[in-house]
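> quick one: sequence and predicted model below, then my questions.
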Amino acid sequence: MAEISLRDVRKSYSGLEVIHGVDLEIADGEFVVIVGPSGCGKSTLLRMVAGLEEITAGEIAIGGRVVNRLEPRERDIAMVFQNYALYPHMTVRENMAYGLRIAKLSKAEIEERVARSAKMLELGQLLDRKPRQLSGGQRQRVAMGRALVRNPAAFLLDEPLSNLDAKLRVQMRLQIKELQRTVRTTSIYVTHDQVEAMTLADRLVVMNAGVAEQIATPAEIYDRPATTFVAGFIGSPA
Ligand code: ADP
Ligand code: MG
């Protein structure tokens, strides 16, 4: 059974449809990347999975449970966005522990999870710092650590690297790949960057104007693009 499934998912704003019926089945542990030009509907689609936008029609299920009417916090997902908002008055450790404290986990369990995630993201030396004492890349790693400690059924990431410079982006991409190999949490990752998409994805969803033009592995998309849009978009550098 799919861990996340979208059935004919649609979104309209003031009667104007911007997502035109997307079908997508994501297996447990799969890393799916939604890629496409600005304005094609990537964020809207992700926000509907997260529960931050209501869906106009169709059905979304996570872990076999239809979530159409569930609040974000009821969906067992963790999100990482481009504008990672860390709590400025809290240390890295406190930022990572905050969600777990709200979920009323034991102190020992919280410490254990924070330590494990900090190790995976190489945050060990930074745990007592405040966000203003961190670089952009370090902050983004804390944002990921905060998602990771929650041990959710799925990660939803919306252009998490787009505020970083090119060199850091490549470093973080490698780190995400390593995380993906070790943690294997079902993930949907949104980007407009073709290289990022091709290197990270188990499968890609190439979107154009609210339509999923092709859903396939990077190799399949590279070898047999389904439409001229896909061929042109994947073929041209960002
Ligand atoms: P992407 O993330 O791929 O850049 P978005 O999902 O942000 O694209 O936007 C998809 C389309 O939906 C765009 O045409 C955008 O203008 C429109 N849109 C997004 N959010 C809203 C909103 N809150 N109200 C009206 N239109 C919106
Ligand atoms: Mg977007």
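Nice, thanks for sending it over. As the structure is a computational prediction, the values presented were derived from the model and not from experiment. Ligands and ions are numbered 1, 2, ... in the order given.

> tell me the contacts of the residue most central in space within the chain?
Nearest to the mean C-alpha position of the chain, counting by Cα atoms, centre = their mean, stands residue 157 at 1.9 Å. Applying Cβ atoms under 8 Å, 6 or more residues apart in numbering to residue 157 gives the contacts 79-81, 187-190. For glycine as for every other residue, the C-beta is placed from the backbone atoms N, C-alpha and C.

> and residue 121, by the same measure?
So residue 121 contacts 141-142, 144-145, 148, 175, 179 (Cβ under 8 Å, 6+ apart).

> can you redo the residues you listed as CSV with pLDDT?
Compiled in CSV, these are given as follows (pLDDT from 0 to 100):
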residue, pLDDT
141, 90
142, 93
144, 90
145, 91
148, 90
175, 87
179, 87
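
> out of these, which touch ligand 1?
Restricting the contacts of residue 121 to those touching ligand 1 (Cβ under 6 Å from any ligand atom) yields no residues.

> which members of those residues define the maximum pairwise distance?
142 and 179 (13.9 Å; Cβ to Cβ).

> just the contacts of residue 121 now: which is nearest ligand 1?
residue 144 (19.8 Å; Cβ to the nearest ligand atom).

> excluding residues flanking it in the chain, which one is nearest that closest one?
Nearest in space to residue 144, with sequence neighbours left out and distances taken as Cβ to Cβ, 6 or more residues apart in numbering, is residue 80 at 5.6 Å.

> that's a strand at the residue nearest to the centre of the chain, yeah?
Yes. Remark: residue 157 belongs to a strand, assigned using DSSP: H, G, I helix; E, B strand; the rest coil.

> can I get the helix or strand where residue 197 lies in PDB, CA atoms only?
Per DSSP states H and E, residue 197 falls inside helix 194-200. Extracted C-alpha coordinates of helix 194-200, given in PDB (Å, rounded to 0.1, in the frame of the first residue of the first chain):
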ATOM      1  CA  GLN A 194      16.600  20.300 -12.300                       C
ATOM      2  CA  VAL A 195      20.100  19.200 -11.000                       C
ATOM      3  CA  GLU A 196      18.900  19.000  -7.400                       C
ATOM      4  CA  ALA A 197      15.800  17.100  -8.600                       C
ATOM      5  CA  MET A 198      17.700  14.600 -10.800                       C
ATOM      6  CA  THR A 199      20.300  13.800  -8.100                       C
ATOM      7  CA  LEU A 200      18.000  13.500  -5.100                       C
END
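
> and that helix with ligand 1, contact?
No. Against ligand 1, helix 194-200 shows no contacts by Cβ under 6 Å from any ligand atom, the least distance being 12.6 Å.

> after the top helix by length along the chain, next one along is what?
Longest helix of the chain, by residue count under DSSP state H: helix 166-183. Counting by DSSP H and E, the element after helix 166-183 in chain order, helix or strand, is strand 186-191.

> am I right that the residue nearest to residue 144 sits in a helix?
No. Applying three-state DSSP, one finds residue 80 to be strand, outside a helix.

> ok, back up a step: just want the angle from the helix or strand following the helix holding residue 197 to strand 186-191.
For helix 194-200, the following helix or strand on the C-terminal side (DSSP H and E) is strand 203-208. Between strand 203-208 and strand 186-191, the angle comes out at 40 degrees (axes from the mean of the first three to the mean of the last three Cα atoms, to 10 degrees).
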